[in-house]
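Q: 3D model of this:
(one chain, ligands or ions: 1)
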Amino acid sequence: MTRKPFVVANWKMNGSLKANDEWLSAAMPQMSGTRLACDVAVCAPFIYLPQLVIGFEHSATLVGAQNCAQYAQGAYTGEVSAAMLADIGCDLVILGHSERRTLFGETDETVAGKVKLAFDNGVMPIVCVGETLEEREAGRTIEVVSRQLRAVLDKVGILPLVSGALAYEPLWAIGTGKSASAKDAQAVHEALRAVLAEVDQEAAQRTRILYGGSVKAKNASELFAQPDIDGALVGGASLKAEDFLAICHCADSL
Ligand code: PGA
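A: Below you'll find the model as predicted:
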């Protein structure tokens, strides 16, 4: 089974109208049409999504949000629903990122509920799982990421993940410059695919599992060469168009 590599930029809470325009101008010569062989997405703060939807109009690049509300609609001041994301032409949404889980108290249950709302509204979810350094050192990595994944599978099944992606992001590797080794990451990806296969063997083979955590052009090729690593969720190195494109090219040359 060959899965098309998928490289996703996660800008987090960075950017401005001007900086985003500069990013688009630098990237579009290489991103317009279907010039890149891999699938590509850029996930930006809510307020900049319309700018990106227009900016990527003549490109196969997908536009994503980084969160959505856990409620469908109503009196939830300050929240943005999955239906609203679909309404403005947003293709996908990152859900369960560790920064949302640890800083904003999102539980496995909240994440699963958001995945359901996103998928029901036609917005493809990128579901993040990952362990802390403490959990890794206690030998609990597989147990923790399997629990996080099963919470989603139990609520919505595997199809939302086939449409979007699953992302393994060890917390100790995010923004630290300390990437997991390709071998360690592969072992976790293989275990995650086995959990997916408990639900549906064939769909598990079709689900893309991305690695995230200090991915740069210099470590991307080795990560992408692993049989169960199907792309990357890129934070820091996605803020400059050239750095992000260099990672996309590593996926292109697979
Ligand atoms: P990083 O972030 O590439 O800066 O480590 C990855 C992420 O949090 O998605």
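Q: contacts and neighbour counts: CA atoms only from here.
A: Will do.
Q: looking at the stretch 1-150 of the chain, which residue is nearest the ligand?
A: Across the stretch 1-150 of the chain, the shortest distance to the ligand (CA to the nearest ligand atom) belongs to Asn10, at 5.6 Å.
Q: that residue: how many residues sit nearby?
A: 24 (other CA atoms under 10 Å).
Q: so it touches Pro45, yeah?
A: No - using CA atoms under 8 Å, Asn10 makes no contact with Pro45, being 9.2 Å away.
Q: anything in contact with each of the two?
A: Gln66 (CA atoms under 8 Å, 6 or more residues apart in numbering).
Q: nearest spatial neighbour of Asn121, chain-adjacent residues omitted?
A: Once flanking residues are discounted, Asn121 sits nearest to Ala83: 5.6 Å by CA to CA, 6 or more residues apart in numbering.
Q: distance of that neighbour from Ser253?
A: 36 Å (CA to CA, to the nearest Å).
Q: can you check Thr2 too?
A: Computed as CA to CA, the Thr2 to Ser253 distance reads 14 Å.
Q: go on, Gly231?
A: In terms of CA to CA, Gly231 sits 12 Å off from Ser253.
Q: quick one: which of these two has more around it?
A: Each of Gly231 and Ser253 has its neighbours counted (other CA under 10 Å); Gly231 has more, 32 against 11.
Q: run the chain-centre distance for the helix or strand the residue nearest to Asn121 falls within.
A: Using DSSP states H and E, Ala83 sits in helix 82-87. Centroid separation for helix 82-87 versus its chain: 18 Å, with CA atoms, centre = their mean, to the nearest Å.
Q: other SSEs contacting the helix or strand following that helix?
A: Toward the C-terminal end, the helix or strand that comes next after helix 82-87 (DSSP H and E) is strand 92-95. Counting contacts by 3 or more CA pairs under 8 Å, 6 or more residues apart in numbering; DSSP states H and E, strand 92-95 packs against strand 62-65, helix 108-120, strand 124-129.
Q: how many neighbours does Gln66 have?
A: With other CA under 10 Å as criterion, Gln66 counts 22.
Q: what's the closest non-adjacent residue to it?
A: Ile94 (4.6 Å).
Q: ok, now Gly175?
A: Going by CA to CA, 6+ apart, Gly175 has Ser214 as its nearest residue, at 5.7 Å.
Q: what do you get for Asp39?
A: Using CA to CA, 6+ apart and skipping residues adjacent in sequence, the residue nearest Asp39 is Phe6, 4.6 Å away.
Q: any idea what the one you found is bridged to?
A: Applying DSSP bridges to Phe6 gives these bridge partners: Asp39, Gly231.
Q: on that earlier part again, now do the buried residues in the helix holding Ala83.
A: Of the residues in helix 82-87, 82-86 count as buried by neighbour count, 16 or more other CA atoms under 10 Å.
Q: what's in contact with that helix?
A: So helix 82-87 is contacted by 65, 68-69, 72, 91, 117-118, 121-123 (CA under 8 Å, 6+ apart).
Q: same deal with stretch 31-39?
A: 4-7, 30, 56, 58-61, 248-249, 251-252.
Q: quick one: mean pLDDT for that stretch?
A: Stretch 31-39 shows a mean pLDDT of 81.
Q: chain center to it, what's the gap?
A: Distance of stretch 31-39 from its chain centroid, counting by CA atoms, centre = their mean, is 18 Å.
Q: what does the chain put close to the ligand?
A: Proximity of the chain to the ligand (CA under 6 Å from any ligand atom) is limited to residues 10, 173-175, 212-215, 233-237.
Q: in strands, which of those appear?
A: Counting by DSSP state E, the part of the residues of the chain next to the ligand found in strands is 10, 212, 233-234.
Q: take those residues and write them to TSV, including pLDDT and distance to Val145.
A: Shown next, in TSV, are those (pLDDT from 0 to 100; distance: CA to CA, whole Å):
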residue	pLDDT	distance to Val145
Asn10	98	20
Gly212	97	14
Leu233	98	16
Val234	98	19
